[in-house]
Every structure is written in C-alpha cells, then in structure tokens.
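Colleague: Following is a predicted model, sequence given first.
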Amino acid sequence: MLDVDRLLGELTLPEKAALTSGSSFWYTTPVQRLGIPRVMVSDGPHGLRAQPGEGDHVGLGGSVPATCFPTASAIASAWNPDLLRRIGQALAQEARAINLSVILGPGINMKRSPLCGRNFEYFSEDPFLAGELAVGIVDGIQSRGVGTSVKHYAANNQETDRLRVDVRADERTLREIYLPAFERVVKATQPWTVMCAYNKVNGTSCSENTWLLTTVLREEWGYSGLVVSDWGAVYHRVAALLAGLDLEMPPALGRSPQAVVAAVEAGKVPAEVLDARVRTVLELVAKGMPVLELDESFDADEHHALAREAAGESIVLLRNDGVLPLAADARIAVVGEFARTPRFQGTGSSQVNPTRVDALLDELRAVHGEVPFAAGYGIGSTADDSALRAEAERVAGAADTVVMVIGLPAADESEGFDRTHLDLPANQLSALRAVAAVNPDVVVVLVNGSTVVLGDVTPHARALVEAWLGGQAAGGAIADVLTGAVNPSGRLAETVPHRLEDNSSYLNFPGDPQVVRYGEGVFIGYRGYDKCHQDVAFPFGYGLSYTSFELSGLRVATRGSVAGGDLGATVTVTVTNTGALDGAEVVQVYVQDVQSSVARPVRELKGFAKVSVPAGGSRQVTIELDQRAFAFWSTRHHDWVVEAGDFTIAVGPHSRDLPLTETVTVEAPSLAAPLDRDSTLQEWMNDPLGRQLVESEVKNGQPAAVLDDELVDVIGTMPMSTLANFTGMSLDHDALDRITDAWREQTHAR
Ligand code: GLC
C-alpha cells in the first residue's frame, strides 16, 4: 500500500507535476525514489486490448490475445445487468493475468443518432437502461480488484470532429439524457476512474470543464475517484488541472509537467489544488498495486463459453413466421460471406485480438452436417458480385431453407468517423433479392454494430435475427438460436426506424463545422419517435421469443411523498409463459407525466426486470420506482422536481406494447414561480389567490367589467406590468402594486 499523506509531504514539485501525466501510452508515472510504482491502464469495454511493452505511437497496434465478448450494443440487448456483472468478472480475471490495473471501459454515451460510428461501443438510446447495465459491468470488474474507466464524460455522441466539436445542449437535456447514466454508475459503484471526453460542452472542452468535472461529478454526485483524459483530450494542461482533471493520457512529455510546475511557482495553481490531483493519482496507484504482484491466468475456454452464452442472450428475434427454430433434419444452405468470415466486433480502440473466433457456417455444419455455402457478396467492392450472386442462387435453389447473413462491413462503422446513411451494402441487398427469388424460405441474420434500415430486408425474410456484433463466439451463439438450443430473449436497446430522416437528431447531425446543436432536447431515440407519433420498423424494447408470454395482475403501491423527498412506487406484475418452451421475458415499466408545465416525453423507461419462466409457468415480478422516476430537471430550480398531478405507470413487453397501466395521483408542493409584476395575466388568473386579487381590482375599477375567459385568452400572455400601461383596464400600476404586495403577504403568511 501507499501512505499517501506521507508521500504528499515528501514529493517534490516536479515529482508531483510528473504524477499528473502518464509516463507512456498505457502507464502512470513511477517515482522510484519513494517506492511509487507505475500501473498499467488499457482498453477496452468488451475485451482487453493490452499492448505488450510501452505500446506503439498511436496505441492501435497488436495486442495480447484476449476474449472478445459481445460489444455494448449487443450485450445491452440482453437487458441483463447480472450477465454484465459476470462478463466484468471475466474481464477482470484476464486483466489480473497480465497485471493490468484499470480497464478503459465501459462506454456509456447515449445513442443520439444511429449514425454515430461508435454506437457499437455504447449501450443504448435510453439513459436508465445504460446506467443499470453500466453498474453491472463496473461492479463485476471492480469486485475482482481491477479498476474501470466510465467513458466518455460527457456528451460524446458523434465521431465527426470529436476533438473540437462544441456540443450545445441546454441544462435539462444534459441532466435528463446525457448525464444520468454517468450519475447512476458513479453513485452506485464509485468507478476507479471517469474518462473525460474529447469534445466541448457549451463552449468548454470537457477536459477543462469545471462544471462537469468538479461541480457535477464531485460536488453533486460525490465522486471520489480519478478523472483521466481521453487519449489526447487535454488541450491546456493547467486549465484542466484547475478544472478537476487528475491524469493526462498519454503524456505530453516535456510540456505538461513543466507547465504545471511553472503555474504553481507563478501562483496560478494553488499548491493544494495540485496536491488534490496528486492525491487522487496516488490513491489510484495504491488501488492498482495489488494486481502488479499477481501471477494468475484465465481459462480461455470458460471465457469463450461465457462469451457464447452472452451473445446468445443478446440476439434479438425481430420476426419469425414459425420457420425458426430450424428442424434438426432441415435441409439448409448458408449464404453470406459473414457466415464464413465473421463480423463480430468494432474497429478502433476497442478492437480485441480474440483467443479464437467461431464462424456460423462451421457451427451450423456441426449440427446439420455438410451444409452448402455461397458467399453471395463480396466484402468491399473488390469481389465480382454477379458471379457470387449466381452461385448463391444455385445453392439457395437446392435447399429447403436458406440462412442468409448480411451486415455492415467494418469499413462502414468505426471509431473515428460517423456513418452517412443507415443502409446495408447494395451488393448484399441484391444478393438477398436474388436468393429470395429462387427460394422464399429465407432466414436473415444481421451482423451490425448499430441499427440499419430494414425496408429492403424484411419483405424477403421469413425470420429476421439481429445478432449485432456478438464477439468471438457469435457464430456459435447464432447457431444456438437458429437451432433452438437457445430461446432468444434479446430486446432492442435502440429503436429501428423506417428511415434515417425519422430520427429526431437528423436535422442536427453531425452539425455545422465544430458545433452541433442538440435541438431535439430530451427527445432522442424512442422519446423522439413517440412524441412525434412516428411509426418505426421495430420499437425500443422489442424482441420475440420462441414461446409467448402474458402479463397480468398489475399493482402499483405508492409510498412516501414529494415533499419528504421519498416518493416511490412498487410495481408488481405476473408473467405467465403461455407457450410450450421455457423462455425469458423482459418486463418494462414506463412512466408518463400526464400533465406537465414542460414538454416531457410521452413515456420513459424507469424500471425493468428480466425473468425466466418455464413453459406454462408464472412468475411474479416486482420493480421499484424512486422519486427520480417521476421527476424532470427544472432549469428554474436547477434541480430535479416532481409536479403534482397524475402519472401513468405503463407495463408491457416493449415501449409500444404496454397493455397494463395504472394512473397514480401525486401530491407535490407548488412549483409555480412567485407572482410578481412581470408574471403574465394568465399566470395570475391560474393562481386562485392571484385571480381573486385581480378580479377584485377590476371590479373596483369597473363596476360591471370582469375579465372573462375569452378576454384572458387573448391578453393572458401579456405581463401585468405591460397591461398596467393600458388605460381603461383599471389594472394600473398602483393596483398592480397593491395586488403584488397582497399576494406576497398572504402567501408568505401560509
Ligand atoms: C481513444 C478512445 C477511448 C480509448 C482511448 C485509449 O481515442 O476514445 O475510448 O479508451 O483512446 O485507447
């Protein structure tokens, strides 16, 4: 261990400054003189990408073999925090085996647009789901004495110009959409590190954004860990140090430590600020030290089996007319290069050197014997697709059922750039049409990191299986689902729209040069589609099973109060498996504020539970809602508030199938702004006392005239101070002073 207090007293200023930068691409800085070792950090969210030695100059070269688990968009579709916890424990074991102290993940940014090149690396368009899943994996990793880095804080929702782009989002949008997943995981797990993003937020780079790094993260959420920069995200080291950034990675050697020393000596950085940053670095090193002494290994087969289980649970069955599961004696053919050359992970800093990779073609042949295969299309534009298509038609025509695998090539979605459309490659779609023309019994399997439009796919698919980027064991997992060895239980963690243009961010993505306006506000993903009554191809939370379920017996028991800060509700429902196969259902709870003073989403996910139910059996599910489930962020109060009124608690299998609802009426202190001279006439008339005071003045001024509703409709939006200038209204400035004083006296008297 390290005696941090003693070390802070013994470290020289240059040594302290050096500690606030890394010593190389993947290591913190050692101070041999005082027995402070360096610790290693390394990617990535779904498998280790640890480079041997110091790493290469951009840290993207070869890495040691590791298990490649399903990427975030895949594993999020399992809606299972406990599964993520188990994956976290496995990742930690692999980190311990190479003496790695901190794993740089998970990525929990919101999927504002389906075009973001890194969406494969993020969980969802919904902050509640992303937060719950992040808690699972961070808890799992840290439970084995290895650290994490929750990233990228904050609002890093595009790859376009990601180091310079300025995200312009109002406070409520940030608080309700882009911060909650970070807030949830920070408060629940105290991740060893939080990684700040490259981009700006409202004019200030995240790495020097005091509001994000200190006010919100530390002072409001109570974060006590370390803030590390994204690699290269520190643009002004001293400003970043003052804002709350503890560790710059990789180091700007020869510049940053010297700048820190100079700033302290010039009195621009108080010594205690530097000490606070150094203390955080030393505490991280202390936590990371035990791993350095380990001599452990991991069971690659066991982790591969977990990767296969996880990928199977992540698969979303979007359509099935009964063709699935395949009969054991089905005469099938397989078409699609991705069945032979698996597409199982994303490109960039999360890319893993897998211990092994399963191909769907091999896995199906292991069950069905010799299965004819045709590539059907080339990956990239090099292949002669017409010949490949002809071969696919021949193979498909001779089979009973065709399993066709299509998806996004690695060149279509990646860290570092965004997509410009949601289409699958044209050569793959033409191959699908050709195959379906000779054999209508087609099962389509999708392998893609982020959603694609399916209008040209669904008509040709008797069954449609979304396998995402399922990791090194995806081939086996897909075979498990197609053959029925696994009953699919995945649910969409991101909406599949009919068209890109239907997405609420469309007009503002990726924005203008170096600036992007989050004009859709809180209405991202299903919040946007639902608010606009937009039809979608497959809604958020959707997924089929080989069995069927029925929900019944909804009970909602509220407790506590808004005034007491402990409003809550216990939601209970019974899930019955009405089919012939064991399966798992994801019960989803959405909350709707029926009447609100601000524009709120039609419904928001505020609770879920995945439950396994045997064929013919029933299980009772209980889901707890806290006060936050009813709240919105008030930009006037700068806090979470709940308005009195009715709330609908809606429960069902997905966001657009919520058969069970119950309305609860919530009492809450008034949130109305105090009435004053600048309040509008309508605001005065909406308040019982205000109306009484206004009408008393009007009656005093004009025996018969009373403000009738029609008149108020017309002039109601005018501030009283303006109306007082109008003669003949009898609400002159003296009258306004009288009623303002009276209102204040009587309400303060309450
Ligand atoms: C990258 C990524 C980040 C990663 C880091 C180290 O640019 O944005 O997610 O952890 O660099 O590779």
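Modeller: Sure thing, it's come through.

Colleague: residue ranges of the strands in the stretch 301-450 of the chain, please?
Modeller: With DSSP state E, counting those that start in this stretch, the ranges of strands along the stretch 301-450 of the chain come out as 316-320, 332-335, 373-374, 401-407, 442-447.

Colleague: Revised request: answer the last question for the stretch 101-250 of the chain.
Modeller: Using DSSP E, counting those that start in this stretch, strands in the stretch 101-250 of the chain cover 102-103, 147-153, 166-168, 193-196, 200-201, 204-205, 226-229.

Colleague: on that earlier part again, output the strands of the stretch 301-450 of the chain in TSV; the columns should cover mean neighbour count, distance to residue 647 and mean pLDDT.
Modeller: All C-beta atoms are positioned from the backbone trio N, CA, C, and that covers glycine. As requested, these are arranged in TSV below (neighbours: other C-beta atoms under 10 Å; distance: least, C-beta to C-beta, whole Å; pLDDT from 0 to 100):
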stretch	mean neighbour count	distance to residue 647	mean pLDDT
strand 316-320	21	29	98
strand 332-335	26	50	98
strand 373-374	22	54	98
strand 401-407	27	41	98
strand 442-447	25	37	98
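
Colleague: Can you tell me which of the strands of the stretch 101-250 of the chain is packed in deepest?
Modeller: Greatest average neighbour count among those goes to strand 102-103 (a mean of 28), per mean count of other C-beta atoms under 10 Å.

Colleague: Give me the sheet partners of that strand and which way each runs.
Modeller: Strand 102-103 has its sheet partners listed here by DSSP bridges as strand 41-42 (parallel), strand 147-153 (parallel).

Colleague: Of all the strands of the stretch 101-250 of the chain, which one is nearest residue 395?
Modeller: Closest of those to residue 395 is strand 102-103, at 42.9 Å (criterion: C-beta to C-beta).

Colleague: Next, see if that closest one gets close to the ligand.
Modeller: No: counting by C-beta under 6 Å from any ligand atom, the ligand has no neighbours in strand 102-103; the shortest distance is 9.5 Å.

Colleague: so can I have TSV of the strands of the stretch 101-250 of the chain showing distance to residue 519 and mean pLDDT?
Modeller: As requested, the strands of the stretch 101-250 of the chain are exported to TSV (distance: least, C-beta to C-beta, whole Å; pLDDT from 0 to 100):
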stretch	distance to residue 519	mean pLDDT
strand 102-103	35	98
strand 147-153	22	98
strand 166-168	9	98
strand 193-196	24	98
strand 200-201	15	98
strand 204-205	20	98
strand 226-229	29	98
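
Colleague: Just put those strands in CSV and tack on distance to residue 36.
Modeller: Formatted as CSV, the strands of the stretch 101-250 of the chain follow (distance: least, C-beta to C-beta, whole Å):
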stretch, distance to residue 36
strand 102-103, 16
strand 147-153, 17
strand 166-168, 37
strand 193-196, 18
strand 200-201, 33
strand 204-205, 29
strand 226-229, 15
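
Colleague: of all those, which lies closest to residue 246?
Modeller: Ranking the strands of the stretch 101-250 of the chain by their distance to residue 246 (criterion: C-beta to C-beta) puts strand 226-229 first, at 4.7 Å.

Colleague: Need the contact partners of that closest one.
Modeller: Outside of strand 226-229, the residues within contact range by C-beta atoms under 8 Å, 6 or more residues apart in numbering are 41, 149, 153, 192-196, 207, 213, 217, 240, 244-249, 280-281, 283-284.

Colleague: restrict those residues to contacts with the ligand.
Modeller: Within those, nothing lies near the ligand by C-beta under 6 Å from any ligand atom.
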